[in-house]
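Enquirer: Fold the stuff below for me.
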Amino acid sequence: GARLLDEKGKELPWGGAALAKLSRIDISGLDNRLAECEVITACDVTNPLCGEQGASRVYGPQKGATKEMCQQLDEALANYAEVIKRDLGLDVMDMPGAGAAGGLGAGLVTFLKASIIPGIEIVSEVVGLTDCLKEASLVFTGEGRIDTQTLFGKTVAGVGAKAKVFHIPVVVIAGEVAGDYKELYQHGIDVALSIAPGPISLKKSMANAERLIADAAERALRLILIRLEK
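Expert: Now for the predicted structure:
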C-alpha cells in the first residue's frame with residue numbers, strides 16, 4: 001500500500017498527530033488493479049479537511065479531544081494536505097467531504113481516486129425517494145442529533161431540500177436538538193422536535209427510543225390536526 005514517511009524515510013506511527021511529521025508519500029506499493037476500479041464514496045457531510053469546519057475542529061470535540069488537541073490535529077492534517085499536493089498533485093485541503101470520518105474522505109480521493117457523492121443522493125435513488133414525495137402530503141425524517149452540522153450534507157438536509165421542491169412540509173425527529181438548528185428552517189425543514197420528554201440521560205433515552213420516537217411523532221401530528229381542524 002501507500003507509505004507515509006518522515007524526513008528520515010521512516011514510516012509514521014498510527015495516529016492523526018503523527019501526520020505533522022509527514023515529509024513524503026510513497027505510492028509505489030499500491031496495487032495496480034486499483035487504477036482499473038471506480039470507487040464511489042457515499043458521504044453524508046461536506047466538511048473540508050482543515051479549518052473551522054474541518055475534521056478536527058468539528059468532530060474532534062465529539063470524540064473527546066480538547067481545544068489544544070484539535071488545533072494540533074488540524075495542523076497535522078494541513079501538513080498532510082500540503083504533502084499530498086506537492087507529491088501527488090491533488091488539492092484536498094478545502095475539498096467538500098474531505099474531512100468526513102476524520103479525513104478519510106481525503107484519503108479515499110488521494111489513494112483510490114474515489115469520487116465523493118452525497119449519501120442522500122445514492123440512497124434516494126435506490127429507494128425512489130422522488131417518486132415517493134410526489135405522492136406524499138407530509139414527510140417525517142430524523143437523525144440522532146440536530147445541530148449546525150445537519151446542514152453539511154446530512155440526510156435530514158437532503159430530504160428537506162427534495163421535499164421543498166414539491167412544497168411538502170417536513171418534520172424532523174431527533175434524539176437531541178441543539179445549537180443553531182433554526183437555520184434548517186430555511187432549507188425545507190418545517191419543525192425539529194427532540195424525543196426527550198424532559199431532562200433525561202442518553203442511556204435512558206436510547207433504552208426507550210422506540211416509545212419516545214412514537215410519542216414525538218404523535219405530538220407533531222396533534223399540532224398539525226389542531227391547525228387542520230380550525
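Enquirer: how close does the residue nearest the centre of the chain sit to residue 123?
Expert: The centre of the chain sits closest to residue 45, judged by C-alpha atoms, centre = their mean, with a distance of 2.9 Å. Remark: distance between residue 45 and residue 123 (C-beta to C-beta, to the nearest Å) = 14 Å. Placement of C-beta: from N, CA and C, glycine included.
Enquirer: Run through the chain and note the low-pLDDT ranges.
Expert: Scanning the chain for pLDDT under 70 picks out 152-153, 228-230.
Enquirer: Could you rerun that using 80?
Expert: Low-confidence segments of the chain, defined by pLDDT under 80: 62, 147-154, 179-181, 227-230.
Enquirer: All the helices of it, in order from the start?
Expert: Secondary structure of the chain by DSSP state H: the helices cover 55-59, 67-88, 104-112, 119-127, 129-134, 155-165, 202-207, 209-229.
Enquirer: returning to that earlier point: how close does the residue nearest to the centre of the chain get to residue 106?
Expert: Using C-beta to C-beta, one gets 13 Å for the distance from residue 45 to residue 106.
Enquirer: between the two, what contacts are shared?
Expert: residue 99 (C-beta atoms under 8 Å, 6 or more residues apart in numbering).
Enquirer: Outline the domain layout of the protein.
Expert: Domain ranges of the chain: 3-119, 128-229, per automatic domain parsing.
Enquirer: picking up where we left off before, isn't the residue nearest to the centre of the chain right next to residue 154, touching?
Expert: Yes. Residue 45 is within contact range of residue 154, at 6.4 Å (criterion: C-beta atoms under 8 Å).
Enquirer: Contact partners for residue 189?
Expert: Counting by C-beta under 8 Å, 6+ apart, residue 189 touches 156-157, 160, 170, 172.
Enquirer: For it, which non-adjacent residue is closest in space?
Expert: In space, and not counting its chain neighbours, residue 189 is closest to residue 160: 4.4 Å by C-beta to C-beta, 6 or more residues apart in numbering.
Enquirer: ok, the one you found touching residue 186?
Expert: No. In this structure residue 160 lies outside contact range of residue 186 using C-beta under 8 Å: 9.7 Å.
Enquirer: Give me the more crowded residue out of those two.
Expert: residue 160 (25 against 10; other C-beta atoms under 10 Å).
Enquirer: how close does that one sit to residue 184?
Expert: Residue 160 is 7 Å from residue 184, by C-beta to C-beta.
Enquirer: intersection of neighbour lists for these two?
Expert: Residues touching both residue 160 and residue 184 (C-beta under 8 Å, 6+ apart): residue 172.
Enquirer: separation between the nearest residue to residue 183 once chain neighbours are set aside and residue 26?
Expert: Using C-beta to C-beta, 6+ apart and skipping residues adjacent in sequence, the residue nearest residue 183 is residue 151, 6.3 Å away. According to C-beta to C-beta, residue 151 and residue 26 sit 38 Å apart.
Enquirer: Among the two, which residue is more densely surrounded?
Expert: Taking neighbours as other C-beta under 10 Å, residue 151 and residue 26 compare with residue 151 leading, 19 against 14.
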